[in-house]
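Asker: sequence? don't have it. structure:
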């Protein structure tokens, strides 16, 4: 029994940690990792990486995808729509040729059927890859690229293409739709856009 007035001191969960948005991957990093995964014959990881970049999905949604979510019959679709677990809102994403090829190869290699999870778990009792497993896989990718592991996480995958699209187009609304955010303010915070940058965009938009 704890004596009255004696309180337990708890360390803050983020003590000694860098807290904030995780960095998106650079284009050169994407291609270096793709080549590395191809050379090593890591079909699942290549499919996971390419689809993670294209889909811009949260980790929990990415790992829970089924084959039918990305395929029309026995062919990988060019676009897909899924329901987000966090918001219960549908979000649509493109599947580029690079990702389609990787997915087609993985589905064939693994012998996955339409109702199967796209990334089944190798751990007993888990039907599909878990978010912690996904995070560990991503940290391995970061190590392979020689990057600082404290700067990257699963949200780096979600942010990568969204950040590239914003930098090239300055179209916040388009990025908002692609990320499935209900509020534009959420997209501004997520991309880490400076207030002045956002105001400049607003000033340039005539109504």
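Answerer: Everything's here; your move. Note that the structure is predicted; figures quoted are calculated from it, not measured.
Asker: residue contacts, residue 184?
Answerer: Residue 184 makes contacts with 172-173, 176, as judged by CB atoms under 8 Å, 6 or more residues apart in numbering. Where you see a C-beta, it was placed from the backbone N, CA and C, and this is true even at glycine.
Asker: Out of the residues you listed, which is nearest to residue 118?
Answerer: Residue 118 lies nearest to residue 176 out of the contacts of residue 184, by CB to CB, at 25.9 Å.
Asker: ok, that closest one touching residue 187?
Answerer: Yes: with contact defined as CB atoms under 8 Å, residue 176 reaches residue 187; the gap is 4.3 Å.
Asker: returning to that earlier point: can you tell me which of the contacts of residue 184 is nearest residue 133?
Answerer: Residue 133 has its nearest neighbour among the contacts of residue 184 in residue 176, at 29.5 Å by CB to CB.
Asker: What about the closest one, how many residues nearby?
Answerer: Number of residues near residue 176 (other CB atoms under 10 Å) recorded here: 21.
Asker: just residue 135 next, same as before
Answerer: Neighbours of residue 135 under the rule other CB under 10 Å: 13.
Asker: ok, now residue 83?
Answerer: Residue 83: 12 neighbours (other CB under 10 Å).
Asker: Ramachandran angles for it?
Answerer: Per-residue torsions, residue 83: phi -90, psi 130 (degrees, to the nearest 10).
Asker: Give me the nearest residue to it, chain neighbours excluded.
Answerer: Of all residues not flanking residue 83 in the chain, residue 90 sits nearest, at 5.4 Å (CB to CB, 6 or more residues apart in numbering).
Asker: ok, so what distance separates that neighbour from residue 164?
Answerer: Going from residue 90 to residue 164 by CB to CB, to the nearest Å gives 23 Å.
Asker: So which of those two has more stuff around it?
Answerer: The neighbour comparison of residue 90 against residue 164 (other CB under 10 Å) goes to residue 164, with 17 against 10.
Asker: from memory the more buried one sits against residue 29, does it?
Answerer: No: if you go by CB under 8 Å, residue 164 and residue 29 don't touch, sitting 12.0 Å apart.
Asker: Past the host helix or strand of residue 108, which element shows up next along the chain?
Answerer: For residue 108, the host element (DSSP states H and E) is helix 97-110. Going down the chain from helix 97-110, the next helix or strand is helix 131-145, by DSSP H and E.
Asker: Tell me the buried residues in that following helix?
Answerer: Under the neighbour-count criterion of 16 or more other CB atoms under 10 Å, helix 131-145 has 133-134, 137-138, 141-142, 145 buried.
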